[in-house]
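# need a structure here:
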Amino acid sequence: MKVVKSLKELKSICSNESKDFYISLANGIAKSSKEIMYNKEENIFHIFSAIDGEYFDYTEKELSQYTNILQAIKKGTLIQE
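You can find the predicted model right below:
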């Protein structure tokens, strides 16, 4: 397991290949599982949220508006499985 430390690192890890992540919640008692792929050419994040079983596509700006992924990176709670 690896803590993701920046958006740049997230992009590098899942560039054009889907990877499994989770956000540690409630001091590690719970987690929110996600599958994330970053498409460099389109500058789009493709995200599967296991909690609701849905796929979403977000630009970098939308990522901060509609997800807690960037907050998790800042808090050190976005973990690559």
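# C-terminal to the strand ranked longest in the chain, what's the next element?
Counting residues, the longest strand found in the chain (DSSP state E) is strand 30-39. Following strand 30-39 in sequence order, the next helix or strand is strand 44-49 (DSSP states H and E).
# which parts of that next one are buried?
Neighbour-count burial for strand 44-49 flags Ile44, Phe45, His46, Ile47, Phe48 (criterion: 16 or more other Cβ atoms under 10 Å). (Each C-beta comes from the backbone N, C-alpha and C, glycine too.)
# next one: stretch 13-30
Result for stretch 13-30 [16+ other Cβ under 10 Å]: buried residues Cys14, Lys19, Phe21, Tyr22, Ile23, Ser24.
# Leu70 versus the last one, what's the distance?
Looking back up the chat, that one is Ser24. Taking Cβ to Cβ, to the nearest Å as the measure, Ser24 falls 15 Å from Leu70.
# How about the fifth one?
Applying Cβ to Cβ, one obtains 11 Å for the distance of Ile23 from Leu70.
# Likewise for the third one?
When distances are taken as Cβ to Cβ, Phe21 and Leu70 turn out to be 13 Å apart.
# Quick check: neighbours of the one helix or strand Asp57 maps to in the sheet, parallel or antiparallel?
Assigned by DSSP H and E, Asp57 belongs to strand 54-59. Here strand 54-59 is paired, per DSSP bridges, with strand 44-49 (antiparallel).
# and after the lowest-mean-pLDDT helix or strand in the chain, which helix or strand comes next?
The weakest-scoring helix or strand in the chain, judged by mean pLDDT, DSSP states H and E, is helix 60-66 (a mean of 92). Elements were assigned by DSSP H and E; along the chain past helix 60-66, the next helix or strand is helix 69-75.
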